[in-house]
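# Pasting a predicted model and its sequence here:
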Amino acid sequence: MSLSCDCSFDYDGDGWYWDGHKLMTMPPMQRRKRCGCCNNLINIGEEVFRFNRYCSSRNYIEERIYGDEVNLAYWYTCEECSDLISAVEDLGFCWMWGESIKTQIADYRGDNPLTDRR
C-alpha cells in the first residue's frame, strides 16, 4: 500500500492499533530492537520514534484485568525511517505499518527499482 491523503482507517477490533509516536533516544536494553518499519537493528543512543501500541481485549478475563484496551510492547523505528515518517506526516500524508516507509514513498513517486537505473 502506498501513502494516502486520507487518514481515516476503519478498525474492526481485530489486530492492534497505535495512537501516536514520541521522538526519543533509544534506551539501553538487554537486546537491540529491530525497526518496526524496515526491520534493521537499532543501535542504543539512536534517535528513534517510540510507538504506543494497543489491542482490544480479546476475552472477558483480559477485559476485567486491563479494561477495553490492552497495552502491547512498544515498537521503535530507526533514525532513517523516523526521519522519513516525520517528513511524510509534515506533508499531510498517512502511511501504513506492514510495509517499509521507503517502499511506500517509492510507490507514491512511481519509482520502479527494477527498471529505474539512475
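Yep, it's here. Numbering: from 1, shown residues only.

# Find the residue at the geometric middle of the protein.
The centroid of the chain falls nearest to residue 97 when counting by Cα atoms, centre = their mean (5.1 Å).

# Would you list the phi and psi of that one?
Note on residue 97: its backbone torsions stand at phi -70, psi 160 [degrees, to the nearest 10].

# How much space separates it from residue 65?
Per Cβ to Cβ, to the nearest Å, residue 97 is found 26 Å from residue 65. Heads up, the C-betas are built off the backbone N, CA and C, glycines and all.

# same thing with residue 39?
Residue 39 is 32 Å from residue 65, where distance means Cβ to Cβ.

# so what pLDDT did the residue nearest to the centre of the chain get?
Predicted confidence (pLDDT) for residue 97: 80.

# go on, residue 47?
Reported pLDDT for residue 47: 92.

# I'd like to know the beta-bridge partner residues of it.
For residue 47, the beta-bridge partners under DSSP bridges are residue 25.

# Run through who's touching the strand or helix carrying residue 23.
Using DSSP states H and E, residue 23 sits in strand 16-25. Identification of contacts with strand 16-25 by Cβ atoms under 8 Å, 6 or more residues apart in numbering yields 11, 45-55, 72, 75, 77, 82, 85-86, 97.

# Can I get that strand in CSV? Just the C-alpha atoms.
Only the C-alpha atoms of strand 16-25 are listed here, as CSV (Å, rounded to 0.1, in the frame of the first residue of the first chain):
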residue,chain,number,x,y,z
TRP,A,16,-3.5,-3.9,17.0
TYR,A,17,-3.5,-0.1,16.6
TRP,A,18,-1.3,2.8,17.7
ASP,A,19,-2.2,6.3,18.8
GLY,A,20,1.0,8.3,18.1
HIS,A,21,4.7,8.4,18.5
LYS,A,22,7.3,10.1,20.6
LEU,A,23,10.8,11.2,19.5
MET,A,24,13.5,9.9,21.9
THR,A,25,16.9,8.3,22.0
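
# just to revisit the earlier point, which of the contacts of strand 16-25 fall in strands?
Within those, residues falling in strands by DSSP state E are 47, 48, 49, 50, 51, 52, 53, 54, 55, 75, 77.

# Distance to residue 5 and neighbour count added to those, as a markdown table?
A markdown table is the format used below for the ones in strands among the contacts of strand 16-25 (distance: Cβ to Cβ, whole Å; neighbours: other Cβ atoms under 10 Å):
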| residue | distance to residue 5 | neighbour count |
| --- | --- | --- |
| 47 | 27 | 14 |
| 48 | 26 | 26 |
| 49 | 21 | 23 |
| 50 | 26 | 19 |
| 51 | 22 | 20 |
| 52 | 24 | 14 |
| 53 | 24 | 17 |
| 54 | 25 | 15 |
| 55 | 27 | 16 |
| 75 | 24 | 20 |
| 77 | 22 | 26 |
